[in-house]
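[1] Just need the structure, nothing else, for what follows:
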Amino acid sequence: MKKTEIILSEIAEGDPIKVLNILKENKNSKLKYQCSYEDRLFQLKSDKESEVDGPFSYIDDVIQYSKDVNSLFLENSKYESAADIFNNWETPELETYAGGDFNSKKPVYWGDCFICATGYLDIEDLILKLSEFISSEDEEDEEFRDEGFYWFLDSLDIISDPEEFHVGFEDNDIRVSNIKYSAGTELGINNISFYSTKNMVHSDYEFMIETSKK
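    Purely as a prediction, here's the structure:
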């Protein structure tokens, strides 16, 4: 059996009635979500530790930089050294919300990184809630047909934080299963051991219907 994915936004955009019809047509399939933050500051799992502490410390939720310590040797030239960023700041520290385990003996990089979560929504639960929402709105309203699905998500208090994305669904009796988290330099991989979310670039989410064909 070959698994294929139908990206909901590509065929229905924000039209809640189109979304509902597609869900009904595929109610025996799986509905996967993927949400992510794109960020900048991170450490890699694959980097080796230095024999001595590097130029960074992580104290009281602040990454601090000491110019008195020699920078760690950069093994990965794909990413800019965070030391170069900090050297251009008047105050060499960064307040941060972070995940993973900071290691002062590893390099800190500045470049694209993604904090991501995936999970599966129960399609029948979603059909029920979306149907109720549509019945309370004017189905002929042009703006509703363009944006109504996003209004529906707003009504569930869905937030873009990958670690909290599932909560709004569960609070509204839409079951969520098989939740997985990753932090990587690309979506779908998990190669980051520590990251900051203070300098988030943007967040994104997508819904995909998974179908199996012979």
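[2] what pairs with the residue nearest the centre of the chain across the strands?
    Nearest to the mean C-alpha position of the chain, counting by Cα atoms, centre = their mean, stands residue 36 at 1.4 Å. Beta-bridge pairing of residue 36 under DSSP bridges involves residue 116, residue 204.
[3] Could you report the pLDDT at it?
    We have a pLDDT of 93 for residue 36.
[4] Verify the stated contact: it with residue 204.
    Yes - counting by Cβ atoms under 8 Å, residue 204 is a contact partner of residue 36 at 5.6 Å. From N, CA and C alone the C-beta is placed, and that goes for glycine too.
[5] Quickly note the distance from the residue of the chain most remote from its centre to residue 140.
    Centroid-distance maximum for the chain: residue 68 at 35.7 Å, with Cα atoms, centre = their mean. According to Cβ to Cβ, to the nearest Å, residue 68 and residue 140 sit 68 Å apart.
[6] And residue 185, by the same measure?
    The spacing between residue 185 and residue 140, counted by Cβ to Cβ, is 46 Å.
[7] So for these two, which sits in the more crowded spot?
    Neighbours per residue, other Cβ atoms under 10 Å: of residue 185 and residue 140, the larger number sits with residue 185, 18 against 7.
[8] I figured the more buried one hits residue 192, correct?
    Yes - counting by Cβ under 8 Å, residue 185 touches residue 192, with 6.7 Å between them.
[9] Quickly list what's touching both of the two.
    Residues touching both residue 185 and residue 192 (Cβ atoms under 8 Å, 6 or more residues apart in numbering): 42, 44, 113.
[10] Give me the neighbour count for the closest residue to residue 176 other than its chain neighbours.
    In space, residue 176 comes closest to residue 166 once its chain neighbours are excluded; the distance is 4.3 Å by Cβ to Cβ, 6 or more residues apart in numbering. Neighbour count for residue 166, taken as other Cβ under 10 Å: 21.
[11] who are the neighbours in contact with residue 166?
    So residue 166 contacts 117, 119, 176, 179 (Cβ under 8 Å, 6+ apart).
[12] What helix or strand is the last one located in?
    When you say that, I think you mean residue 179. strand 176-184 (DSSP states H and E).
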